[in-house]
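Enquirer: sequence below, structure please.
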Amino acid sequence: MPAVPGTASASSADAAPRALRADARQNLDTLLAAARTVFARSGVDAPAREIATEAGVGVGTLYRHFPNRAELVTAVFTSEIDATAAEAAELLEKHPPGEALDLWITRFTRFVATKQGLSAALRSGDPAYDALPAQLMGKLGPAISSLLDAAVAAGDVRPGVDPLELLQAVGDLSHRTPSPDGSPNPMVLLLLDGLHTR
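Expert: Numbers count the residues shown, from 1 in each chain. Got it, this is the predicted structure:
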C-alpha cells in the first residue's frame, strides 16, 4: 500500500513520546524503590541526595518527578499500601489460609518498617498527607479481613478476632521494637502464635 504523505514522520513522532514515557516510568519506579529503601534506613526526612544516589540518578531527576518532599512521601506510601494489599489475594492462592495470613503479616511489618517518621509527617498539617490514613485502612483493612476469614473457615485461626484491631496491634508492636530487616519481631511472632489454633 502506498505510503500516505506524512505517515512515517507521524509514526516516528508517536514512537518517540512512547519511548520517553517508558523511560520516565522506569525512572519513577526506580526512584520510588530507592525512596522506600532510604526511608526504611534513615526515615522520611532523609536527604534528597541520599535517595538520588540510591536510585543512581541526579538530584535534578528526583526533583523533576517530585518537586517537594510531601509528594515523594505520599507516592511511596501509596504504592506500598497498594502492593501490600494486593499481596493478600496472591498469598491465598498459593498457600494454606493460616500460612497466607502469617506471610502477609510479615509483608505488613516490612511495610511498617518503611514508615519511620510518617507519624510526624502526618501531624505536620501538610494537606498532601490528608488522604493517607483513610487509604491505609481502606486498602489494608479488607486485605487482612479476607485472610482472617479464610483462616477461620479453614480452622487455622481462632474466630472472633477483629481484623482492624489485629492490624493495629501488629503495627503498634512493630513500631515499638522494630527489627533491623523489617521482619516480625518476637512480640509479633508471639501474637501470631496465640492467634492460631492448635
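Enquirer: next, the buried residues of stretch 48-59.
Expert: For stretch 48-59, burial by neighbour count (16 or more other CB atoms under 10 Å) applies to 50, 51, 52, 54, 55, 57. All C-beta spots, glycine's among them, are computed from the backbone N, C-alpha and C.
Enquirer: so of the residues you listed, which ones are in helices?
Expert: In helices, judged by DSSP state H, the following of the buried residues of stretch 48-59 are found: 50, 51, 52, 54, 55.
Enquirer: for the first one, give its distance to residue 34.
Expert: Spelled out, that is residue 50. 9 Å (CB to CB, to the nearest Å).
Enquirer: for the most centrally placed residue in the chain, give its distance to residue 57.
Expert: Nearest residue to the geometric centre of the chain (CA atoms, centre = their mean): residue 80, 1.0 Å. From residue 80 over to residue 57 the distance is 20 Å, taken as CB to CB.
Enquirer: residue 105 contacts residue 192, correct?
Expert: Yes. Contact criterion CB atoms under 8 Å: residue 105 and residue 192 qualify, at 6.2 Å.
Enquirer: the two: which is more packed in?
Expert: The neighbour count for residue 105 versus residue 192, taken as other CB atoms under 10 Å, is higher for residue 105 (22 against 18).
Enquirer: please identify the helix or strand for the more buried one.
Expert: Counting by DSSP states H and E, the element that carries residue 105 is helix 97-113.
Enquirer: please export the C-alpha coordinates of that helix as CSV.
Expert: The C-alpha trace of helix 97-113 is given here as CSV (Å, rounded to 0.1, in the frame of the first residue of the first chain):
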residue,chain,number,x,y,z
PRO,A,97,-5.0,-19.8,54.7
GLY,A,98,-3.2,-19.8,58.1
GLU,A,99,0.2,-19.7,56.4
ALA,A,100,-1.0,-17.0,54.0
LEU,A,101,-2.0,-14.8,57.0
ASP,A,102,1.4,-15.2,58.6
LEU,A,103,3.2,-14.4,55.4
TRP,A,104,1.0,-11.3,54.8
ILE,A,105,1.7,-10.1,58.4
THR,A,106,5.4,-10.5,57.6
ARG,A,107,4.8,-8.3,54.5
PHE,A,108,2.9,-5.8,56.6
THR,A,109,5.7,-5.5,59.1
ARG,A,110,8.1,-4.7,56.3
PHE,A,111,5.7,-2.0,55.2
VAL,A,112,5.6,-0.6,58.7
ALA,A,113,9.4,-0.5,58.6
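Enquirer: now that helix: how far from the chain's centre is it?
Expert: Taking CA atoms, centre = their mean, to the nearest Å, one finds helix 97-113 lying 12 Å from the centre of the chain it belongs to.
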